[in-house]
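Trainee: sequence unknown, structure follows:
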């Protein structure tokens with residue numbers, strides 16, 4: 001019997017049970033019917049942060065960024081490329097620190113871009129600075 005993983009819907013934040021071996025089979029949400037994985041980063045905010053990072057059995061990689069940050073804007077396409085490769089084993093997400101200053105302060109974000117990996121509701125790794133897609137993929141696979 002296979003293990004089921006809790007996957008949080010990026011659209012309605014509902015927890016879905018998906019057999020581990022079927023993650024890549026185009027799973028859809030049991031509540032809203034939309035795809036659980038889109039191969040692109042999810043936008044996080046105060047309303048969905050806890051559900052996405054705390055209830056998911058899949059590691060969630062959060063890019064703490066801001067629109068005015070040059071290195072953040074340079075890394076954005078690389079982060080998208082990494083999301084296309086790493087999903088469904090990892091969920092990549094972005095959190096705008098200007099819009100969500102309380103969350104940025106809670107996680108003591110001092111410089112951006114900062115990447116943090118969350119598993120089982122807690123931060124397990126952190127990396128500051130822009131990276132290319134290959135470096136992102138390598139770091140995420142090693143750290144998670």
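Mentor: Looks like it came in fine. Every value quoted in this text rests on a predicted model; they were computed, and no experiment measured them. Numbers count the residues shown, from 1 in each chain.
Trainee: Describe which strands the strand or helix carrying residue 17 pairs with in its sheet and in which direction.
Mentor: Under the criterion of DSSP states H and E, residue 17 resides in strand 15-19. Partners of strand 15-19 in the sheet, by DSSP bridges, are strand 4-8 (antiparallel).
Trainee: The most centrally placed residue in the chain in helix, strand or coil?
Mentor: Per C-alpha atoms, centre = their mean, the C-alpha nearest to the average position across the chain is that of residue 92, at 2.8 Å. Of the three states, residue 92 takes strand according to DSSP: H, G, I helix; E, B strand; the rest coil.
Trainee: list the contacts for it?
Mentor: Contacts of residue 92 were listed using C-beta atoms under 8 Å, 6 or more residues apart in numbering, and they are 40, 41, 42, 60, 61, 63, 79, 82, 83, 86. The way it works is simple: take the backbone N, C-alpha and C, and place the C-beta from them, glycine included.
Trainee: Turn the residues you listed into JSON lines, columns for distance to residue 129, neighbour count and secondary structure.
Mentor: Output for these, formatted as JSON lines (distance: C-beta to C-beta, whole Å; neighbours: other C-beta atoms under 10 Å; DSSP: H, G, I helix; E, B strand; the rest coil):
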{"residue": "40", "distance to residue 129": "22", "neighbour count": "15", "secondary structure": "coil"}
{"residue": "41", "distance to residue 129": "18", "neighbour count": "22", "secondary structure": "coil"}
{"residue": "42", "distance to residue 129": "22", "neighbour count": "20", "secondary structure": "strand"}
{"residue": "60", "distance to residue 129": "20", "neighbour count": "22", "secondary structure": "strand"}
{"residue": "61", "distance to residue 129": "15", "neighbour count": "27", "secondary structure": "strand"}
{"residue": "63", "distance to residue 129": "12", "neighbour count": "24", "secondary structure": "strand"}
{"residue": "79", "distance to residue 129": "13", "neighbour count": "24", "secondary structure": "helix"}
{"residue": "82", "distance to residue 129": "15", "neighbour count": "26", "secondary structure": "helix"}
{"residue": "83", "distance to residue 129": "18", "neighbour count": "25", "secondary structure": "helix"}
{"residue": "86", "distance to residue 129": "19", "neighbour count": "21", "secondary structure": "helix"}
